[in-house]
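Asks: Model the following, please.
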Amino acid sequence: MKKTDLRREAGQRTRDGLQSAALELLAQRGQEGVTLREITDRAGANVAAVSYHFGSLKALCDAAIEHALEQYLDAQMAAIDSLGPAATLDEVAAAFAGPMMRAFAAGGQDLAVMRTVARIGIEPPQGWERLTGKFEKSRRDVLRVLGPNIPGVDEQELIFRTRCAAGLLNWLALAPIGTELAAMPADQLERQLVPVVTGAFRGSAR
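Replies: Predicted coordinates for the structure are as follows:
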């Protein structure tokens, strides 16, 4: 039993190492510029391990990006869940944008990974239904704290505004302005970005 556990742990380490190496290279070059050999060399694994754990290079890259996107959603949901019932709209916006702002502030590999996640977050590929539940929960969590701040706006419109806010963050990560944001001190970045996300949530005055 103990040997079986050790083999399982070793296999999980290999799998995690391959995913991590794939994501780092994807963040640097995109999916078209990554080779199987580069990933296995970086992970200290052999080519057969990719076939065993994932089946193909594409499946490995998909799994790496999916894992990163899932971590992003988890961080966003945790921030939203921490808000109390009296949270202001600015506090909701800061929690919603928190993972992206931290990536801008960290720069380097963290921001590169977030840019990879942003490309997929705009429109998850078919076959990633496993994340549907997380996307829906994230949306429900945001609606829970948005509703009291924007009375009189129906759920469908709040969902639309939430999707616009998410799209805005993804665009900022990918557009040239993202380089400017990454160069800002963290407090300045928050001062500039949170009101924009707040505005996306608030919508136009009626």
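
Asks: so which helix or strand takes in Ala45?
Replies: Using DSSP states H and E, Ala45 maps to neither a helix nor a strand.

Asks: and Val197, what is it in contact with?
Replies: 93-94, 96-97, 165, 168-169 (Cβ atoms under 8 Å, 6 or more residues apart in numbering). All C-beta spots, glycine's among them, are computed from the backbone N, C-alpha and C.

Asks: Any buried residues in the helix ranked longest in the chain, and which?
Replies: Counting residues, the longest helix in the chain under DSSP state H turns out to be helix 2-29. For helix 2-29, the buried set under the neighbour-count rule, 16 or more other Cβ atoms under 10 Å, comprises 14-15, 17-27.

Asks: and which of these is nearest Val47?
Replies: Leu18 (10.5 Å; Cβ to Cβ).

Asks: about what we covered before: can you list the buried residues of helix 2-29 in TSV and add pLDDT?
Replies: Below are these laid out as TSV (pLDDT from 0 to 100):
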residue	pLDDT
Thr14	88
Arg15	88
Gly17	88
Leu18	90
Gln19	88
Ser20	86
Ala21	88
Ala22	87
Leu23	83
Glu24	82
Leu25	85
Leu26	82
Ala27	76
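
Asks: how about Val153, phi and psi?
Replies: The phi/psi pair for Val153 (degrees, to the nearest 10) reads phi -100, psi 130.

Asks: what's the neighbour count on it?
Replies: Neighbours of Val153 under the rule other Cβ atoms under 10 Å: 17.

Asks: Does anything pack onto the longest helix of the chain? Which helices or strands?
Replies: Judged by 3 or more Cβ pairs under 8 Å, 6 or more residues apart in numbering; DSSP states H and E, the packing partners of helix 2-29 are helix 36-43, helix 47-53, helix 57-81, helix 108-122.

Asks: CSV for those helices, including distance to Met184, mean pLDDT and mean neighbour count?
Replies: Listed next are the helices and strands packed on helix 2-29 as CSV, based on distance: least, Cβ to Cβ, whole Å; pLDDT from 0 to 100; neighbours: other Cβ atoms under 10 Å:
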stretch, distance to Met184, mean pLDDT, mean neighbour count
helix 36-43, 31, 90, 17
helix 47-53, 39, 88, 15
helix 57-81, 20, 87, 18
helix 108-122, 12, 78, 19
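
Asks: so which of the ones you listed comes closest to Lys137?
Replies: Once the helices and strands packed on helix 2-29 are compared by Cβ to Cβ, helix 57-81 is nearest, at 6.4 Å.

Asks: Look up how far Gly11 lies from the residue nearest the centre of the chain.
Replies: When Cα atoms, centre = their mean is applied to the chain, the residue found nearest the centroid is Tyr72 (3.3 Å). Using Cβ to Cβ, to the nearest Å, Tyr72 is found at 26 Å from Gly11.

Asks: Next: Gly152.
Replies: Applying Cβ to Cβ, the value for Gly152 to Gly11 is 54 Å.
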